[in-house]
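> Below are the sequence and a predicted model; questions follow.
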Amino acid sequence: MWKPGTGVKATIYTRSIRRASLVAVLLILAGCSTFRPQPATGLMWGYFGESRTVQLIVGAGTDYWVFAVSGQGAVGANGASDREWCVKMREATAGSYRGLLGECQPVAVTTVP
């Protein structure tokens, strides 16, 4: 005896839904795995080493290498004057930090007079 929801049409429909769901999940995972926060640009506050906090202008350039740090609603950046030190700092941060980290990227940083 035939029952609703059974048969060839129901099986094809169920398989189509499963495939569509799998594709959607894979696309979401691919998007999440490639997301990396970018260093902010513009007018902001920061400091160099042990100095007091100063207002900075950050933009495109090659003065410093920084990686973005994002987590718990806060976004910031850490870096150094050369790429090698930036990479070392990022690796050390990745060992103990649970948020998202960007890749080391070059930026220009100048202090506001």
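Great, that's in hand. From a predicted model like this one, the values you see are computed outputs, not experimental measurements.
> Report all helices and strands that the longest strand along the chain contacts.
Secondary structure of the chain per DSSP state E: the longest strand is strand 54-71. Counting contacts by 3 or more C-beta pairs under 8 Å, 6 or more residues apart in numbering; DSSP states H and E, strand 54-71 packs against strand 42-46, strand 74-80, helix 83-96, strand 100-101, strand 105-111. C-beta: built from backbone N, CA, C; applies to glycine.
> Can you redo the ones you listed as TSV, where the extra columns are mean neighbour count and distance to Thr62?
Shown next, in TSV, are these (neighbours: other C-beta atoms under 10 Å; distance: least, C-beta to C-beta, whole Å):
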stretch	mean neighbour count	distance to Thr62
strand 42-46	12	17
strand 74-80	17	12
helix 83-96	13	10
strand 100-101	16	21
strand 105-111	15	4
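> As PDB, could you dump the C-alpha coordinates of stretch 104-113?
What follows is stretch 104-113, C-alpha atoms only, in PDB (Å, rounded to 0.1, in the frame of the first residue of the first chain):
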ATOM      1  CA  CYS A 104      51.200  40.700   8.400                       C
ATOM      2  CA  GLN A 105      50.700  43.600   6.000                       C
ATOM      3  CA  PRO A 106      52.600  46.800   5.300                       C
ATOM      4  CA  VAL A 107      51.200  50.100   6.400                       C
ATOM      5  CA  ALA A 108      52.400  53.700   6.800                       C
ATOM      6  CA  VAL A 109      52.100  55.200  10.200                       C
ATOM      7  CA  THR A 110      52.700  58.900  11.100                       C
ATOM      8  CA  THR A 111      52.000  60.800  14.300                       C
ATOM      9  CA  VAL A 112      49.500  63.700  14.300                       C
ATOM     10  CA  PRO A 113      51.400  66.900  15.000                       C
END
